[in-house]
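K.L.:
Structure for this input, please:
(one chain, ligands or ions: 2)
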Amino acid sequence: MSGIYIHIPFCKQACTYCDFHFSTSLKRKDELIDSLVKEISLRSSYLSDPHIGTVYFGGGTPSILTQKDLGRMMDSLQHTYQIDTDAEITLECNPDDLTNTKLRELKHLGINRLSIGLQSFDETELKWMNRAHTAAESESSVKRAQDAGFENITIDLIYGSRFQNMAQWKQTLYKAIALDVKHISAYNLTIEERTKLGHDFMKEKEPAIDDEKSSEFFLEMSEILEKHDFIHYEISNFGKKDFFSRHNTNYWKGVHYLGLGPSAHSYNGTGRQWNIANNARYIESIGQGKTDYYETETLGEKERFNEYMLTGLRTMWGVSLDYIKAHFSQETYFHFLAEVKKHMEREHILEKESIFTLSKNGRLLADRIASELFI
Ligand SMILES: C[S@@+](CC[C@H](N)C(=O)[O-])C[C@H]1O[C@@H](n2cnc3c(N)ncnc32)[C@H](O)[C@@H]1O
Ligand code: SF4
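P.N.:
Ligands and ions are numbered 1, 2, ... in the order given. Below is the predicted model of the structure:
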């Protein structure tokens, strides 16, 4: 089974913190959808296994598209690939797009998992983020989606802004729990250079992220959500039993995927490809039948191992000694054994039956620990 990711590079307005690839001009939307439909068939030989278990419309804001736009892509996918009858089909949505009509359309199209970007329930914070929805809409969009028959709903939250204190963060978590969503992704706010937040930070109009506060929020969140039957299966992801993101779990487990649309990445076991993050150039290149809209990298042992550390350690499945033995050289195997010892002594990494996972405190330092294990 493989996965397909489709990047929709449009948003109503730019959130102050976000440096994902998107445009707020919809002028070339129709041309872009034409190109995406073409790319779906152009890239059909990329995956060695044409059976598709997950499809993920991400962005940007896929919920900005019309039923016709999404329908064209769904039809093209169905014609080109063998989409499993039981496939997980996710669409990222912004709360303000989720009218009752839109929800009905999405259901009709076969979307069976909604990822709704709530970010916060606090009006001041939402304004500061330049979100296009109110706090009331954050809540009501989830309820309406449930009423429309969507059971598999995940929400995105952001923590660590200067507006939050622990009491407020806990309130946010309890509100999310009360909404009875099956999955929560919670991201620590990061200040990205090429964003309004990044510029304001450079001009000292915004403070740096308080790492200590973020760590406290993280630990509290993990404890509260675990008490409410969410399984903390990846650093930023919590799911109820049977409701983990199948698509993202496959990324972390090294399952092959094809990424379509500007800025999308692909992986087929031996190499990676990434599409140009520029809508005009993507449209022009596909229109002219050229392949210069993507770049390719062949992965060597070093890249594969480092990636395995970076993604594997972030999950509750960790990294496995048997896997390392089977997929990497003896030299890499011994490198891992020597390096992992130090982290085990600090109790940042735990070992059980040759599976290595991060401890709770280790999770706070995940990226640093992974990079210390790199070759
Ligand atoms: C790129 S958005 C796409 C989905 C949708 N447009 C939305 O806004 O919810 C995916 C998620 O990334 C997270 N995100 C984006 N930039 C971030 C940042 N600088 N810090 C933390 N989280 C961020 C947000 O939680 C957002 O929901
Ligand atoms: S967070 Fe979502 S809506 Fe906001 S700019 Fe990024 S992709 Fe667009």
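
K.L.:
low pLDDT regions in the protein?
P.N.:
Scanning the chain for pLDDT under 70 picks out no residues.

K.L.:
need the residues of it near ligand 2, please.
P.N.:
Selection of the chain residues close to ligand 2 by Cβ under 6 Å from any ligand atom yields C11, A14, C15, C18, F20, F22, G59, G60, T61, N94, G117. Just so you know, the C-beta spots here come from the backbone N, C-alpha and C atoms, and that holds for glycine as well.

K.L.:
Drop anything exposed from those residues.
P.N.:
C11, C15, C18, F20, F22, G59, G60, T61, N94, G117 (16 or more other Cβ atoms under 10 Å).

K.L.:
closest to ligand 1 among those residues?
P.N.:
The closest of these to ligand 1 turns out to be G117 (Cβ to the nearest ligand atom; 1.6 Å).

K.L.:
List the neighbouring strands of the helix or strand where the closest one lies plus their orientation.
P.N.:
Here G117 sits within strand 113-119, counting by DSSP states H and E. Strand 113-119 sits in its sheet next to strand 82-93 (parallel), strand 153-159 (parallel), going by DSSP bridges.

K.L.:
quick check, the first one touching ligand 1?
P.N.:
Which is strand 82-93. Yes. Looking at strand 82-93 against ligand 1 by Cβ under 6 Å from any ligand atom, the contacts come from E92.

K.L.:
what sits up against the host helix or strand of G3?
P.N.:
Applying DSSP H and E as the criterion places G3 in strand 2-8. Counting contacts by Cβ atoms under 8 Å, 6 or more residues apart in numbering, the residues outside strand 2-8 that touch it are 21, 36, 47, 49-62, 64-65, 73, 77, 81, 247, 250-251, 255-265, 275.

K.L.:
quick one: contacts for the closest residue to D97 other than its chain neighbours?
P.N.:
Closest residue in space to D97, ignoring its immediate chain neighbours: S63 at 3.8 Å, by Cβ to Cβ, 6 or more residues apart in numbering. Taking Cβ under 8 Å, 6+ apart as the contact definition, S63 lies against L91, E92, C93, N94, D97, L98, K102, L106.

K.L.:
What remains of these if I keep only buried residues?
P.N.:
Buried residues within the contacts of S63, counting neighbours by 16+ other Cβ under 10 Å: L91, E92, C93, N94, D97, L98, K102, L106.

K.L.:
partner residues bridging the closest residue to ligand 2 within the stretch 151-300 of the chain?
P.N.:
Of the residues in the stretch 151-300 of the chain, the one nearest ligand 2 is D156, at a distance of 8.3 Å by Cβ to the nearest ligand atom. Note on D156: beta-bridge partners G117, S185, judged by DSSP bridges.

K.L.:
Any figure for the gap between it and E212?
P.N.:
Using Cβ to Cβ, to the nearest Å, one gets 23 Å for the distance from D156 to E212.

K.L.:
out of the two, which sits in the busier spot?
P.N.:
More neighbours sit around D156 than around the other of D156 and E212, counting by other Cβ atoms under 10 Å; the figures are 16 against 8.

K.L.:
pretty sure that one contacts S115?
P.N.:
Yes. Using Cβ atoms under 8 Å, D156 makes contact with S115 at a distance of 6.8 Å.

K.L.:
Fine by me, we can end here.
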